[in-house]
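J.: With the sequence up front, the predicted model follows.
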Amino acid sequence: MTAETAVGVVPRSAEYRLCQYTGLRIDSAAQALIKANAVAAVVFLALGGLMGLLVALTRWPAVHLLPAEWFYLVLTGHGANVLLFWIIFFEVAVLYFASTILLNCRLAAPRLAWLGFALMVAGGVMANVAVLQGESSVMFTSYPPMMAKSHFYLALILFAVGALIGVAIFFANLVIAREEGTYKGSIPLVTFGALTAAIIAVFTLASGAIILVPTWLWSLGLISSIDPLMYKVVWWAMGHSSQQINVSAHVSIWYLVAALLVGAKPLSEKVSRTAFLLYILFLQLASAHHLLAEPGLDASWKIVNTSYMMYLAVLGSMIHGLTVPGSIEAAQRRNGFNKGVFEWLRKAPWGHPAFSGMFLSLVFFGFIGGISGVVLGTEQLNVLMHNTIYVPGHFHGTVVAGTTLAFMAATYLVLPLVFEREIVWPRLARLQPYLFGIGAAGISLFMMGAGTLGVARRHWDITFADSELSFAYSAGAFLMMGLNGLFAVIAALGGALFVLITVFTVLFGKKITGGHKLTFPLHAGGGEVASHYGSEGTLKLPGTAILVTVFFVAFVLYYFINWKYLSELWLFR
């Protein structure tokens, strides 16, 4: 019995085409769904990015664009569109890509997959309608006793159900691929990373259902109240874990881009897979850092999660931070770039937007999002930044400079390989990852700087102009928020450029036919490497050793600088 017959679906006869660049079979049904999810993702990114620019221009004291009511409305829409809809639509496309194209497999139950897609679209549109109607400005976390309109919660539930169907199709694809023998040995590492994301997604979506369904009933008047602490605990099981889906997905993309563009194999399949396993076991527990100021939670639980479990989760990312650049160095040296310590890096395909976007995502995620995440996850240091703008600075370093930039990089592969369109405006495409990446990194760093100086996380006006009691942040805080606004404009330009390149490529890009030479070529054996299990098995990586050392030095210095900040809160007599 196949995965399809188990759920009463008749197995279908798939139609395939052979990719001339990777040698992989592409099921037409899978290709159509990847296209649909990718297009929907870009649409919600464009909307959410515009809202994000409005938020940044309002937080910029010299501009202060929106009134309070509009600020919180736009902030709610920004969070939903970029943290949920853009990212999860793209992740569903990644799941279908990793379980069909990389495994040379047909898509299970296309009609059910289209139903899931329709529910996700309906949920995304309905949520935006609810927000724009002006009575659901509850921000991303939607903490009670704030209450949105009932169709806002229903929209999120519909979206989650549609995403869960996509995850179920992914699992079914894996079963079909195994039963039909479309690949040999173990699944490739990229698919394994996608499997990690799918497993975490089940936990995440279940947590969302557990808390959003009663909250929806509360908004309908069928439940009298929602306990705020209970809501926070369960909501963050969804809210924080959803970001771990992102991490697993974008790390998988790092490996995919490295394989397709330089022929990079993982240094050790077992080590990289163990790192993904650490995500499954421990990353959800790291949500404790959002709850450290809650008095109703036991101190022992907080200490265990922030002092032990979190470090095991961080270990997974540190492993990938070694193995991804290490695999690139090993492949580049195998490709003939052996002069000195860093010729392999200088001669990497930086002119390919997929590679530059991937590598910038790797660097920014590690140096900005990763290090700041450890600081926030340390119970004693968390008191410095809890509920300051440092927190969104941190997750802009993970979700924007990390995940979004990686997904943008992957799009430059999806357009020619799946949409079969040549990328328009290649010079602008080369520039786009740098423009967006630098802007996103600046947003993160300056929000973190402002948060260190005490700027509140959710207040629309750091001047407190309408307050009866006067208060003023330091001049440094105003400088940080001004620079945040400036870099938000740069990131918005990079994001708009990405959307325009993607849309014009899909609509007007040259149709790729047999024998076409890509403007941004792939490595000759990249498809074979990406779709098969196999390790590089080399340890002579002097360039990677230096890069990792620089990271650890930065990590230690910044970590102990924050302990110095903490010591300044103590009174010495």
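T.: Arrived safely.

J.: Which positions in stretch 500-513 come out as buried?
T.: 501-503, 505-506, 509, 512 (16 or more other C-beta atoms under 10 Å). C-beta here means a position set from N, CA and C on the backbone, and glycine is covered the same way.

J.: likewise stretch 189-203?
T.: For stretch 189-203, by 16+ other C-beta under 10 Å, it's 189-201, 203.

J.: quick revisit: let me have the buried residues of stretch 500-513 in JSON lines, extended by pLDDT and secondary structure.
T.: Below are the buried residues of stretch 500-513 laid out as JSON lines (pLDDT from 0 to 100; DSSP: H, G, I helix; E, B strand; the rest coil):
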{"residue": "Ile501", "pLDDT": "98", "secondary structure": "helix"}
{"residue": "Thr502", "pLDDT": "97", "secondary structure": "helix"}
{"residue": "Val503", "pLDDT": "97", "secondary structure": "helix"}
{"residue": "Thr505", "pLDDT": "98", "secondary structure": "helix"}
{"residue": "Val506", "pLDDT": "97", "secondary structure": "helix"}
{"residue": "Gly509", "pLDDT": "96", "secondary structure": "coil"}
{"residue": "Ile512", "pLDDT": "95", "secondary structure": "coil"}
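
J.: Can you pick out the most distant pair from the residues you listed?
T.: The span of the buried residues of stretch 500-513, defined through C-beta to C-beta, is set by Val503 and Ile512 at 17.5 Å.

J.: I'd like to know which of the buried residues of stretch 189-203 is nearest to His352.
T.: Using C-beta to C-beta, those come closest to His352 at Val190, 17.9 Å.

J.: and Leu417, what does it touch?
T.: Shown in contact with Leu417 (C-beta atoms under 8 Å, 6 or more residues apart in numbering): 19, 21-22.

J.: most surrounded residue in those?
T.: Using other C-beta atoms under 10 Å as the neighbour test, those are led by Thr22, with 23 neighbours.

J.: mind checking how far it is from Ile280?
T.: Separation of Thr22 from Ile280 (C-beta to C-beta, to the nearest Å) stands at 29 Å.

J.: swap in Lys564?
T.: In terms of C-beta to C-beta, Lys564 sits 35 Å off from Ile280.

J.: which one of the two has more residues nearby?
T.: Using other C-beta under 10 Å as the criterion, Lys564 and Ile280 rank with Ile280 on top: 18 against 8.

J.: Isn't that one up against Ile200?
T.: Yes - here Ile280 reaches Ile200: they are 6.3 Å apart, a contact under C-beta atoms under 8 Å.

J.: Would you agree Lys419 is in contact with Phe508?
T.: Heads up, residue 419 is Phe, not Lys. No - counting by C-beta under 8 Å, Phe419 does not reach Phe508; the two are 11.8 Å apart.

J.: mind showing which ranges of this protein have poor pLDDT?
T.: Where the chain drops to pLDDT under 70, the residues are 1-13, 571-573.

J.: Could you export the buried residues of stretch 500-513 to CSV, including columns for distance to Val82?
T.: Supplementary listing: the buried residues of stretch 500-513 in CSV, determined by distance: C-beta to C-beta, whole Å:
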residue, distance to Val82
Ile501, 18
Thr502, 16
Val503, 18
Thr505, 21
Val506, 20
Gly509, 25
Ile512, 30
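
J.: Closest to Gly208 out of these?
T.: For the buried residues of stretch 500-513, the nearest to Gly208 is Thr502 (28.6 Å; C-beta to C-beta).

J.: what's near enough to touch that closest one?
T.: Neighbouring residues of Thr502 by C-beta under 8 Å, 6+ apart: 42, 411, 415.

J.: Distance-wise, check the spatially closest residue to Ile319 that is not a sequence neighbour relative to Gly193.
T.: Nearest non-adjacent residue to Ile319, counting by C-beta to C-beta, 6 or more residues apart in numbering: Ala275, 3.8 Å away. Distance, Ala275 to Gly193, by C-beta to C-beta: 9 Å.

J.: returning to what we had before: select from the buried residues of stretch 189-203 every entry located in strands.
T.: Using DSSP state E, the subset of the buried residues of stretch 189-203 located in strands is empty.

J.: Tell me where the stretch 1-150 of the chain has helices.
T.: 3-6, 28-59, 68-79, 87-96, 110-132, 150-180 (DSSP state H, counting those that start in this stretch).

J.: For Leu497, which of these is the nearest?
T.: Using C-beta to C-beta, the nearest of the helices of the stretch 1-150 of the chain to Leu497 is helix 28-59, at 11.0 Å.

J.: Let me have the contacts of Thr502 in JSON lines, adding distance to Ser137 and neighbour count as columns.
T.: Formatted as JSON lines, the contacts of Thr502 follow (distance: C-beta to C-beta, whole Å; neighbours: other C-beta atoms under 10 Å):
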{"residue": "Val42", "distance to Ser137": "25", "neighbour count": "21"}
{"residue": "Thr411", "distance to Ser137": "31", "neighbour count": "24"}
{"residue": "Leu415", "distance to Ser137": "36", "neighbour count": "24"}
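
J.: do you know how far Gly397 is from Lys302?
T.: In terms of C-beta to C-beta, Gly397 sits 23 Å off from Lys302.

J.: Thank you kindly, that will do.
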